[in-house]
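Student: Got a predicted structure here, sequence first:
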Amino acid sequence: MSNPGLFSQCLFVLLLLLQLLHVSHADVGTAAHYRPPYLPTACFGSNADQFPSSNLFGAAGEGIWDNGAACGRQYLVRCISARVPGTCIPGQTIQIRIVDRAFSSVSRPSRADTTIVLSTTAFGTIAKSSAPFVNIEFQLV
């Protein structure tokens with residue numbers, strides 16, 4: 001006869017090990033938004049070709065700016081929470097391109113010291129645009 005208690009203990013240990021081995025490649029931070037004018041940018045000056053046709057772009061906060069190395073990087077971004085429940089748009093993940101530095105952008109962010117400042121289009125795709133900032137999960141593509 002098998003021992004049901006031993007089976008339960010083994011299953012519990014296996015599930016615990018799976019949780020410990022779970023690998024996530026995403027980071028958590030905050031996102032604000034900013035409005036036009038977007039030019040000039042710290043990355044590509046006054047060249048309007050720097051903006052993707054989708055208008056899904058952003059400015060890097062100091063934590064990811066990396067002395068300008070962030071210019072042109074692409075991130076997957078999704079809203080995970082906000083101060084006001086229902087702010088995030090469920091199931092929306094966007095791919096944005098970094099075109100500016102938040103600290104020196106021409107248009108000021110809706111909140112200072114965030115990880116990424118998103119264009120109005122990008123922010124409005126993942127969250128209600130009335131929010132000054134949201135908590136995000138982001139991943140370098």
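Tutor: Everything's here; your move. Just so it is clear, the structure is predicted and the values come from calculations on it, not from any experiment.

Student: what secondary structure does Cys79 sit in?
Tutor: Secondary structure of Cys79, reduced to three states by DSSP: H, G, I helix; E, B strand; the rest coil: strand.

Student: just checking, it touches Gln92?
Tutor: Yes - the pair Cys79 / Gln92 is scored as a contact, 7.1 Å apart, by Cβ atoms under 8 Å. Glycine gets a C-beta too; all of them are placed from N, C-alpha and C.

Student: Looking at the two, which is more packed in?
Tutor: Neighbours of Cys79 and Gln92, each counted by other Cβ atoms under 10 Å, are more numerous for Cys79; the result is 23 against 13.

Student: any idea how far the nearest residue to that one once chain neighbours are set aside is from Ile98?
Tutor: The spatial neighbour of Cys79 that comes closest, neighbours along the chain excluded (Cβ to Cβ, 6 or more residues apart in numbering), is Cys88 at 3.6 Å. Noted for Cys88: a distance of 22 Å to Ile98, by Cβ to Cβ, to the nearest Å.

Student: again with His33
Tutor: According to Cβ to Cβ, His33 stands 15 Å off from Ile98.

Student: ok, and what's touching stretch 89-96?
Tutor: The set of residues that contact stretch 89-96 without belonging to it, under Cβ atoms under 8 Å, 6 or more residues apart in numbering, is 56-58, 74-79, 116, 118-119, 122, 125-128, 141.

Student: can we see that at 10 Å?
Tutor: Residues outside stretch 89-96 that contact it (Cβ atoms under 10 Å, 6 or more residues apart in numbering) are 31, 52, 54-59, 73-79, 116, 118-119, 121-128, 134, 137-139, 141.

Student: So Ala122 is in contact with Gln74, correct?
Tutor: No - assessed by Cβ atoms under 10 Å, Ala122 is found out of contact with Gln74, at 12.0 Å.

Student: anything in contact with each of these two?
Tutor: With contacts defined as Cβ under 10 Å, 6+ apart, the residues adjacent to both Ala122 and Gln74 are Pro52, Leu56, Phe57, Gln95, Ile96, Arg97.

Student: between these, which is nearest Gly63?
Tutor: Within the shared contacts of Ala122 and Gln74, the smallest distance to Gly63 is 15.6 Å, found for Ile96 (Cβ to Cβ).
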